[in-house]
Each structure stands twice: as C-alpha cells, then as structure tokens.
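[1] make a model of this:
(2 chains)
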2 protein chains.
Amino acid sequence: MAMDRTGQIAVIFVSQRTVGDADGYARAAEAMDALAARQPGFCGTDSARGADGFGITVSWWADEASALAWRAHPEHAAIREWGRAEWYSRYEVAVAKVGRSYEWEQR
Amino acid sequence: MAMDRTGQIAVIFVSQRTVGDADGYARAAEAMDALAARQPGFCGTDSARGADGFGITVSWWADEASALAWRAHPEHAAIREWGRAEWYSRYEVAVAKVGRSYEWEQR
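    Numbers count the residues shown, from 1 in each chain, chains lettered A, B, ... in the order given. Below is the predicted model:
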C-alpha cells in the first residue's frame, strides 16, 4: 500500500481456493496482476493466502470508474469464469471507498 | 463474510510479521478476535497470512462509530503498542465504507 489511500476504491476479494491446479492458478494470478497493473486508475494490490487456501486480495483503484472498468475487462471476466469452475469453492467481494488510511513502519 | 455488507465499514489491516514470538502473537491474535467479536457493531472478520509473514485482516463494522470505538478500546490500544514493538515490521490500515458486495459459492 502507498502512503495515503484516502478517496481510493478498495476491491476486497475474499476467497477459498480448491486444492487443484496450483500451477494453472499461479500462472493466471500472475497474468491478472500484470494486466491489472496496466489499467488506468490502478493504485496497487495486496494479497495474502494461508496454507489452508483461504485468501484475501485487495486491489486499489483511483475511483469507481476504474474499478468498474477492471471488473468489466474482457480478459478479467473470462478468467473469472475459469476461477469459478476450477480454482475457488467460494468467494466474496466488497467494494469500498477509503475514508482514511495510515501506516506504520519499524525504524 | 456475510451475504451483504453494503453500508458496513471495512477496516483493512495489511501487515508484515516479524519472525519472532509466534506463540505470543497467536495467543494475542486469538484474544483480540474474541474481544472484537463482543463489541457493539461487530460484523465479522476475515484474515489470511502467507508463509512469508505478509497478511491481511479485514474487520467489518456496522458503522463508523463502532469501528472507531474498537480502535479506541483500551485493550486493543495496548496490544497495538505491543504489536509495534514485537510482531510487525510494518503495517498499513485503510478504513473504507462498502458501497456494494456480492458472493459466490460452488454448488
């Protein structure tokens, strides 16, 4: 995350991975990260997944329009269908506007 | 996450764990989860951390007031100081209001 995300749109993606197709999933995730990073309004992404397959990815967008455009991107939409069929047993998405943010780092 | 989080406040906590004190951290995290769950306005929490120590926790609150009250809770504030000293090398927090949410589950 960057210094101040106030006003950005956070797309919070909470998902449970299936056990299968680790290689295909890793390749697709990498490709989607690279594609997202080239979209207008992209402000970054943070992602974590535990050994149990439960994961959270937050993508950060400059505004609603860029978040919606990424959702509608044809390659993203196609991979989402694949994700439903192969990689996830469930997922949940929340789209939220950042009212304040702060950070701390060990000095 | 529940069915619909529209209108809720998402507190997105992105953190890098240090390598030390795994037991102390696990105990504190469990205690904080239990304490948070007893607060007014608590709507749930989702958490994932990878083997590299990078993690994301989202806590969900009914409104701004309940999110702020949790931030100010004395036990939470105390453990935050401990976290800075012992458990995290850096963290970032964004507080965001959910405009829409959806979910999908494999049938």
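
[2] pull the CA atoms of the host helix or strand of A:I79 into CSV?
    Assigned by DSSP states H and E, A:I79 falls within helix A:74-82. Output of helix A:74-82 as CSV, limited to C-alpha atoms (Å, rounded to 0.1, in the frame of the first residue of the first chain):
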residue,chain,number,x,y,z
PRO,A,74,-12.8,-9.0,-21.1
GLU,A,75,-9.7,-11.0,-20.0
HIS,A,76,-10.6,-10.5,-16.4
ALA,A,77,-14.2,-11.5,-17.0
ALA,A,78,-13.0,-14.7,-18.8
ILE,A,79,-10.6,-15.7,-16.1
ARG,A,80,-13.4,-15.1,-13.5
GLU,A,81,-15.4,-17.8,-15.2
TRP,A,82,-12.4,-20.1,-15.1
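
[3] what sits up against it?
    A:28, A:31-32, A:35-36, A:70-71 (CB atoms under 8 Å, 6 or more residues apart in numbering or on different chains). C-beta: built from backbone N, CA, C; applies to glycine.

[4] list the buried residues in that helix.
    Neighbour-count burial for helix A:74-82, counted by 16 or more other CB atoms under 10 Å in any protein chain shown, picks out A:79-80.

[5] one more: stretch A:24-37?
    By neighbour count on 16+ other CB under 10 Å, the buried set for stretch A:24-37 is A:25, A:28-29, A:32, A:36.

[6] which single residue in chain A comes nearest to chain B?
    A:A96 (3.5 Å; CB to the nearest CB).

[7] contacts only, for that residue.
    A:A96 sits next to A:9-10, A:12, B:10, B:96-99 when contact means CB under 8 Å, 6+ apart.

[8] and A:A62, by the same measure?
    So, once contact is read as CB under 8 Å, 6+ apart, A:A62 ends up touching A:8-9, A:40-43.

[9] again with A:R84
    Counting by CB under 8 Å, 6+ apart, A:R84 touches B:104, B:106.

[10] give me the sheet partners of the strand ranked longest in chain A and which way each runs.
    When chain A is scanned for its longest strand (criterion: DSSP state E), the result is strand A:88-105. With DSSP bridges as the test, strand A:88-105 is paired with strand A:9-17 (antiparallel), strand B:88-105 (antiparallel).
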